[in-house]
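**Student:** one predicted model, sequence on top.
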Amino acid sequence: MERHFNITWHIYNQSKVVINISRIGELNWRVFEVLGCRRALLTDKNDEVNEVFNDGEHLMTYSGLDELFDKLEMLLREEDMRLRLASTGYEETSKRHTLYHRAKEILRVCGVG
């Protein structure tokens with residue numbers, strides 16, 4: 001399992017932009033992993049992502065292949081925008097969405113914390 005995470009981390013850190021396609025329109029771990037690696041994320045639009053992150057501030061979303069390709073080309077061309085997304089996404093993830101934050105929330109919901 002550790003090898004998987006090392007390979008994944010290496011791939012993310014070699015990428016300028018990471019594309020996420022969720023299976024059923026959910027907020028998956030890849031969103032947090034990519035933003036935690038300080039990389040620009042281009043993910044499919046869905047309500048769960050929009051509840052947690054701001055499109056255009058922390059990450060960028062797309063609907064359909066045409067929009068995916070247009071936004072990917074833009075992010076590859078616009079380095080300042082790409083780096084800003086990577087930075088603000090990382091800051092938001094570090095501030096509110098680490099495993100520590102999830103564990104604390106679970107304890108709160110269970111009435112322990």
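**Tutor:** Received the coordinates, thanks. Computed from a predicted structure; not experimentally measured.

**Student:** could I get the buried residue list for stretch 67-77?
**Tutor:** 68, 71-72, 75 (16 or more other C-beta atoms under 10 Å). Where you see a C-beta, it was placed from the backbone N, CA and C, and this is true even at glycine.

**Student:** where does the prediction get shaky in this protein?
**Tutor:** Applying pLDDT under 70 to the chain flags residues 1-5, 113.

**Student:** and the helices in this structure?
**Tutor:** For the chain, the helices defined by DSSP state H occupy 2-14, 29-36, 47-52, 65-77, 79-96, 99-109.

**Student:** looking at those helices, which one is packed in the most?
**Tutor:** helix 29-36 (a mean of 20; mean count of other C-beta atoms under 10 Å).

**Student:** returning to that earlier point: among the helices of the chain, which comes closest to residue 23?
**Tutor:** helix 29-36 (10.9 Å; C-beta to C-beta).

**Student:** which residues are contacting that closest one?
**Tutor:** The contact list for helix 29-36 (C-beta atoms under 8 Å, 6 or more residues apart in numbering) reads 8-9, 12, 18, 20, 41, 43, 49, 53, 58-59, 86, 89-90, 92-94, 97-98.

**Student:** out of the buried residues of stretch 67-77, who's nearest residue 37?
**Tutor:** Of the buried residues of stretch 67-77, the one sitting nearest to residue 37 (C-beta to C-beta) turns out to be residue 75, at 15.5 Å.

**Student:** tell me if I'm right that the closest one and residue 82 touch.
**Tutor:** Yes: under the criterion of C-beta atoms under 8 Å, residue 75 makes contact with residue 82 at 4.8 Å.

**Student:** what touches both of these two?
**Tutor:** By C-beta under 8 Å, 6+ apart, the residues touching both residue 75 and residue 82 are 16-17, 40.

**Student:** from these, keep the buried residues only.
**Tutor:** The buried subset of the shared contacts of residue 75 and residue 82 - by 16+ other C-beta under 10 Å - is 17, 40.

**Student:** let me know the closest of the shared contacts of residue 75 and residue 82 to residue 102.
**Tutor:** Among the shared contacts of residue 75 and residue 82, and counting by C-beta to C-beta, the member closest to residue 102 is residue 40, at 23.2 Å.
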